[in-house]
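Peer 1: A structural model of the following input is requested.
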Amino acid sequence: MAASSRVEPDLTISDLIEVRRSDVHGLGVFAAKRIPKGARIIEYVGERVSHDEADRRYEEKDANDSHTFLFIVDSKTVIDAGVDGNDARFFNHSCDPNCESTVEKRRVYIEAIRDIESGTELTYDYQIQREDDDPDNIDDVFACRCGFAKCRGTMLWPTERKPKRKKAKKKAKTAASRKTTATQRQAKTATRKKSKTAGKKKTAAKPKQAKSKQKKSSKQKQKKSKRGGRGR
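Peer 2: Okay, the predicted model is just below:
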């Protein structure tokens, strides 16, 4: 007798949640019933596109607008929940979240990290990654309003900006500096192998930073877009 294959449950919709106005921001997701710790609540879905296409879609976005629905799946794929997305895109950010986002087998899920009572708003920490060329007002654009007593004040991560480094004078390259040691080559090979397995194991989901094209004559444009989504 052939072994029966396991059928994965459809989590594109969930009777555990409901969407309504939030005190944090716009629309939010709330528990429709008690949700136990560890429960997989809903899958984050939308159109799957390349990183280049995701950047193209948001290249004309207002520099002071942090609202997008992009989620990184792996080095090749981004989910744009602005197209064919579901209620998962309305989860708000919090510095004291009761949920987390995870990637498993190239699919993104929202899961409870503690018991959640009915009527409670569901949140997770966006942890949007900083970039070296972020504009000076980046923390204002991605300000956090979760209301937590120890709120860090920003949806960005790490919490502190790195000081801008002064441009060092170029040094003449020597033969030794151009050489790559065997150890370095092995490290690079290991990194490449590791990146090929991204998405196979359950890992923390990452934000997508949609990059805007910049004109030489204009000031630096905002390059980030947040993962998840804040309902308008």
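Peer 1: Residue 15 is in contact with residue 35, isn't it?
Peer 2: No: checked against CB atoms under 8 Å, the pair residue 15 and residue 35 is beyond contact range at 10.9 Å. C-beta coordinates here come from the backbone N, C-alpha and C atoms, glycine included.
Peer 1: more crowded one of those two?
Peer 2: Neighbour totals were compared for residue 15 and residue 35, and residue 35 leads with 23 against 7 (other CB atoms under 10 Å).
Peer 1: Distance-wise, check that one relative to residue 104.
Peer 2: 19 Å (CB to CB, to the nearest Å).
Peer 1: Could I get the full set of strands for the chain?
Peer 2: Along the chain, the stretches classed as strands by DSSP state E are 17-21, 27-31, 40-44, 47-49, 70-72, 78-80, 92-93, 99-104, 107-112, 121-124, 128-129, 156-157, 203-204, 206-207.
Peer 1: any residues touching the fourth one, and which ones?
Peer 2: Spelled out, it's strand 47-49. With CB atoms under 8 Å, 6 or more residues apart in numbering as the contact definition, strand 47-49 has outside contacts at 57, 73, 77, 78, 79, 80, 83, 84.
Peer 1: possible to save the residues you listed as CSV with neighbour count and pLDDT?
Peer 2: Conversion of those to CSV gives the following (neighbours: other CB atoms under 10 Å; pLDDT from 0 to 100):
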residue, neighbour count, pLDDT
57, 19, 86
73, 19, 91
77, 16, 95
78, 24, 94
79, 29, 96
80, 23, 95
83, 12, 94
84, 12, 95
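Peer 1: Among those residues, which pair sits farthest apart?
Peer 2: Across these, the longest distance by CB to CB is 15.8 Å; it joins 57 and 73.
Peer 1: Could you report the neighbour count for residue 33?
Peer 2: Residue 33 is surrounded by 12 other residues when neighbours are defined as other CB under 10 Å.
Peer 1: Tell me where the protein has helices.
Peer 2: With DSSP state H applied, the chain shows helices at 51-57, 138-141, 175-178, 182-196, listed in chain order.
Peer 1: Now the third one: average pLDDT?
Peer 2: Model confidence over helix 175-178 averages 41 on the pLDDT scale.
Peer 1: again, but for the second one
Peer 2: Within the predicted structure, the mean pLDDT of helix 138-141 is 86.
Peer 1: when you give positions from now on, start the count at 6
Peer 2: In the new numbering, first residue 6, that becomes helix 143-146.
Peer 1: And it, what's buried?
Peer 2: Residues of helix 143-146 classed as buried: 143, 144, 146 (neighbour count, 16 or more other CB atoms under 10 Å).
Peer 1: So for the second one, what's the nearest residue that isn't a sequence neighbour?
Peer 2: Closest residue in space to residue 144, ignoring its immediate chain neighbours: residue 159 at 4.8 Å, by CB to CB, 6 or more residues apart in numbering.
Peer 1: Provide a list of residues in contact with that neighbour.
Peer 2: When contacts are taken as CB under 8 Å, 6+ apart, residue 159 is in contact with 144, 147, 148, 149.
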